[in-house]
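In: requesting a structural model of the entry that follows:
(chains A and B)
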There are 2 protein chains.
Amino acid sequence: MKKNLLDGKSMKNLDYFFKARSVAVIGASTKPGKIGHEILRSLVKGEYKGDIYPVNPRADEILGLKCYKSVLEIPGKVDLAVLSIPPKIVPEVVEECGKKGIKAVVIVSGGFKEVGQEGAEIERATVQIARRYGMRVIGPNCIGIFDGKTRLDTFFQSRERMLRPPKGGIAFLTQSGTFGCAFLEWAAEDGVGISKFVSYGNRADVDEADLVRYLGQDPETKVIAIYAESISNGRKFMKACREVSRKKPIVVLKSGRTEEGSKAAVSHTGSIAGSYEIISSAFKQCGVIEVKTFEELYDVSKALSMLPLAAGPRIAMVTNGAGPCVMATDEIIKRGLKLAEYSERTKRELRRRLPPYAIVRNPVDLTGSATAKDYEVSMRSLLEDMCVDILIVFFVFQDTPLEEEIVDIVPRMKEYGKPILAVASGGSYTKKQSSRLQKKGIPVFSSPERAVLAAHALYLAAKYYCR
Amino acid sequence: MKKNLLDGKSMKNLDYFFKARSVAVIGASTKPGKIGHEILRSLVKGEYKGDIYPVNPRADEILGLKCYKSVLEIPGKVDLAVLSIPPKIVPEVVEECGKKGIKAVVIVSGGFKEVGQEGAEIERATVQIARRYGMRVIGPNCIGIFDGKTRLDTFFQSRERMLRPPKGGIAFLTQSGTFGCAFLEWAAEDGVGISKFVSYGNRADVDEADLVRYLGQDPETKVIAIYAESISNGRKFMKACREVSRKKPIVVLKSGRTEEGSKAAVSHTGSIAGSYEIISSAFKQCGVIEVKTFEELYDVSKALSMLPLAAGPRIAMVTNGAGPCVMATDEIIKRGLKLAEYSERTKRELRRRLPPYAIVRNPVDLTGSATAKDYEVSMRSLLEDMCVDILIVFFVFQDTPLEEEIVDIVPRMKEYGKPILAVASGGSYTKKQSSRLQKKGIPVFSSPERAVLAAHALYLAAKYYCR
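Out: The predicted model follows:
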């Protein structure tokens, strides 16, 4: 097993975080509920297959594992150390990690740059020590990492309280652990896969630019999503984005857009947010897709990880309830996308093959009487039409005439190679149907605006590839 | 039972819709899945206590009920008729309803003004007949009505596919049945109550203005929420809003804001949307709170129905994960609200009573180590502070140190009489905790922006009362 996890030759520094064959949890606690206990428990009770070593000078055994007084006492090789200990002793512990030959350190603990001068100095000293040993550090003041494939995570959020998503194409980098938790759980509930996750907090050493570069070469990663309150080194970050966005889409949510928000960012992770306008225009130049809310970040990443990019901006719509299409139309125009104008042939086909209650326009309105067959006929015609780049399908799953097998029919349309996005809002039945669609590769959005925004990103990302 | 449903003296025309003691379903079908069958089934299988009469000349019995050839054959009195029949025979059937002494008609069927000239003429003729008999008509081309108290509904969406919400303070009027379904189900899942619901479709007779006036006097209704693609009679509607918004908040989502969206509205319900800018500025003058997305409409209505209004714009925040507060701060500033500056006494108190890891600013950042006790201490101090008008509490429920009983502690803070909004995003555990909070009167929002928007509405509504 260990051999499969790491390929010695291609091993780069950051691989030690995600593909670590062994992990030491320093500050492992015997008390459930304590952060140092829960991190260990996440590793022990999860699907991670490597060796796990608790370190705590005042315990002999935790969760059935022998506990070590220091990393130096651990008999085997250790790739990664996760620290949950008071800031004051962090430098000496990191020194020990260096001596032990550990290559990667995640510092979960807070109490560094974000609390003031003294903390900042400890943080600086820690990084200096790490560099001396060629170690890389993620954090401090973060929830650390998760790898969709090796199933390694450093979370103090128990599995009972926080779902872990399946492996998949989205890498998520976040300055905020809180957003990290939400993103991972949204993905888990949608069955959307994550390649790698990093909550980098104060980002004392490894920063966004390092991670973007690393993920740019990561074969598991299809899309890079980032929540940032500040950028540590603007030039370095933009350079990395400029290169990587030609290979895979990068989506960024930048907060701290107002002066006050920027101040809030300082007390969160001790970083200054910088002028939003300048950053936002640099994003565009570097092929970064910018979004404005956390839900947008998730929606766009989901769409980009599941769908082909859009060859153009022309959107066709099919529905059994036209209200959301009015909202979608507004949003299509607002975002500079286009309402597809169907070819004469398509219109003829639709009129001929659909029942008389159907209204053949954009949207094709199948009305509340719509059947699965009506959807199939409309979707095939529209996807075959050269004047259609993107198809948005709206469902009122609540409408009883619509047969349940609609969720088997729609995913077959992926054969046309064009992006298909679905919209459905409602309660448990709608969620069940949506989840079935998503498992078969059709992303579902809970409002028309959210689907149009995702469609826009599919179009933007394609433009950025070709710039 | 019948006596309780209606008070003869205060009985107004529109009461016949919501408090009908007996309902005829005209076009009741024997075939499950057909609209005329499902409407009848919703009534029979639901909690509605009045008499139900299926009408269909080609059936003797449906769902265990005797079926009548025409309404004229029904022995008892009928208050409400629900029609699901081809447009061509609607006028003669409405004539029969008039002869039978029916006072209220809901036409679910489509195929009227929205499909063209011929349909428009049938629609006009139908209304003329209804008026001759003093009948009121809701629809056509709609899903009809729901009353939270009498549990009467006219939906062809079965209970297996669409949840019905509990009774409560929100009245929702919608031109789109699709949005209606989603709104009702979101409310049902959140345990948020609905007083009355009307999907009015083509609004051939009863229009938004009639309904706003009626709901303004309805003691069950605390907030009026409206989704409109067009307004039938702008002057009449604005006049009604101007009066009613002094008594209860009115929230409107207006779609068809672009020319193209406006055209889409025409093919949806046959109505022209009108100039958005003019309508939007009229909303402000008439004390209408305008929102821009469907999720905003729901969030704002939920907050207004659950919380006291805000005495001012000053917002305090408490959190165990600061990322969302950076986003919230941006949004607070963008919307013209204010970050509360705590009194010296509050700051002293907080520093004295909170553990050293807590950062006393706005937000009060309790960090991932936060306990329920920390939240209680902070919330009490902030709510006692005269410089705080609104409190937003952020939870990372996933963080294991936070005890489960937090959801019992927070609702007790309602005693301070100030609005308290919560933010939490995540999977099943977070949803369970959020649902517990909501059942005890603390609304929970899934993103910081959504909570700030709701807070803004609490402030706006208070200003509109006093204008």
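In: assumed A:Ser434 was part of a strand.
Out: No: secondary structure of A:Ser434 (DSSP: H, G, I helix; E, B strand; the rest coil): helix, not part of a strand.
In: quick check: bridge partners of the spatially most central residue of chain A?
Out: Among the residues of chain A, the one closest to the centroid is A:Phe172, at 3.7 Å (CA atoms, centre = their mean). The bridge-partner assignment for A:Phe172, based on DSSP bridges, gives A:Phe197, A:Ala225.
In: A:Glu185 is in contact with that one, correct?
Out: No: A:Phe172 lies out of contact with A:Glu185 (CB atoms under 8 Å); the separation is 11.8 Å. To be clear about C-beta, it is placed using only N, CA and C from the backbone, and glycine gets the same treatment.
In: in stretch A:224-241, what counts as buried?
Out: Across stretch A:224-241, burial judged by 16 or more other CB atoms under 10 Å in any protein chain shown covers A:224-232, A:236-238, A:240-241.
In: from those residues, which ones fall inside strands?
Out: A:Ile224, A:Ala225, A:Ile226, A:Tyr227, A:Ala228 (DSSP state E).
In: tell me the least confident of the residues you listed?
Out: Across those, the bottom pLDDT score, 94, is held by A:Ala228.
In: A:Arg213 versus that one, what's the distance?
Out: Look at A:Ala228 and A:Arg213: by CB to CB, to the nearest Å, they are 16 Å apart.
In: give me the nearest residue to the residue in the stretch 1-150 of chain A positioned nearest to chain B, chain neighbours excluded.
Out: Across the stretch 1-150 of chain A, the shortest distance to chain B (CB to the nearest CB) belongs to A:Glu38, at 4.5 Å. Leaving aside its chain neighbours, A:Glu38 sits nearest to A:Phe156 (4.0 Å; criterion: CB to CB, 6 or more residues apart in numbering or on different chains).
In: shouldn't that neighbour be within a helix?
Out: No: counting by three-state DSSP, A:Phe156 is not found in a helix; it is coil.
In: gap between it and B:Thr367?
Out: Distance of A:Phe156 to B:Thr367, given as CB to CB: 12 Å.
In: wouldn't A:Ala171 be in contact with A:Ser195 here?
Out: Yes: here A:Ala171 reaches A:Ser195: they are 4.9 Å apart, a contact under CB under 8 Å.
In: need the overlap of contacts for those two.
Out: Taking CB atoms under 8 Å, 6 or more residues apart in numbering or on different chains as the criterion, A:Ala171 and A:Ser195 both touch A:Leu215, A:Asp218, A:Glu220, A:Thr221.
In: ok so the last one is a helix residue?
Out: To tie it back to what came earlier, the one meant is A:Thr221. No: judged by three-state DSSP, A:Thr221 forms no part of a helix; its state is coil.
In: and whatever residue of the stretch 151-300 of chain A ends up closest to chain B, what pLDDT?
Out: The nearest approach of the stretch 151-300 of chain A to chain B comes at A:Ser176, 2.3 Å away (CB to the nearest CB). Looking at A:Ser176, its pLDDT stands at 94.
In: could you do A:Asn233 as well?
Out: Looking at A:Asn233, its pLDDT reads 89.
In: quick one: residues contacting it.
Out: Applying CB under 8 Å, 6+ apart to A:Asn233 gives the contacts A:Asp207, A:Ala209.
In: and it, what are its phi and psi?
Out: Here is the backbone geometry of A:Asn233 (degrees, to the nearest 10): phi -140, psi 100.
In: before we move on, what about A:Glu123?
Out: With angles defined as degrees, to the nearest 10, A:Glu123 sits at phi -60, psi -50.
In: burial check on the closest residue to it other than its chain neighbours, number of neighbours?
Out: Among residues not flanking A:Glu123 along the chain, A:Phe112 sits closest, at 4.2 Å (CB to CB, 6+ apart). Using other CB atoms under 10 Å in any protein chain shown, A:Phe112 has 26 neighbouring residues.
In: A:Arg136 is in contact with A:Phe18, isn't it?
Out: No: applying CB under 8 Å, one finds A:Arg136 not in contact with A:Phe18, separated by 11.6 Å.
In: of these two, who's got more company?
Out: A:Phe18 (24 against 19).
In: wait, isn't that one in contact with A:Arg151?
Out: No: using CB under 8 Å, A:Phe18 is not in contact with A:Arg151, being 10.5 Å away.
In: thinking again about what came up before, more neighbours, A:Ala171 and A:Ser195?
Out: A:Ala171 (28 against 24).
In: identify the residues contacting A:Asn362.
Out: By CB under 8 Å, 6+ apart, the contact list for A:Asn362 reads A:Ala316, A:Met317, A:Leu339, A:Ala340, A:Glu341, A:Tyr342.
In: just A:Met386 next, same as before
Out: So A:Met386 contacts A:Ser343 (CB under 8 Å, 6+ apart).
In: then it would be within a helix, right?
Out: No: assigned with three-state DSSP, A:Met386 falls outside any helix and is coil.
In: for the helix or strand harbouring A:Glu121, name the packing helices and strands.
Out: Element membership for A:Glu121 (DSSP states H and E) is helix A:117-132. Here helix A:117-132 touches helix A:90-100, strand A:136-138, going by 3 or more CB pairs under 8 Å, 6 or more residues apart in numbering or on different chains; DSSP states H and E.
In: just those: most buried one?
Out: strand A:136-138 (a mean of 25; mean count of other CB atoms under 10 Å in any protein chain shown).
In: okay, the helix or strand following that strand in CSV with CA atoms only?
Out: As assigned by DSSP H and E, the chain's next helix or strand after strand A:136-138 is strand A:144-147. Provided in CSV are the C-alpha atoms of strand A:144-147 (Å, rounded to 0.1, in the frame of the first residue of the first chain):
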residue,chain,number,x,y,z
GLY,A,144,-5.3,22.1,7.4
ILE,A,145,-5.7,19.7,4.5
PHE,A,146,-7.8,16.9,2.9
ASP,A,147,-6.9,14.7,0.0
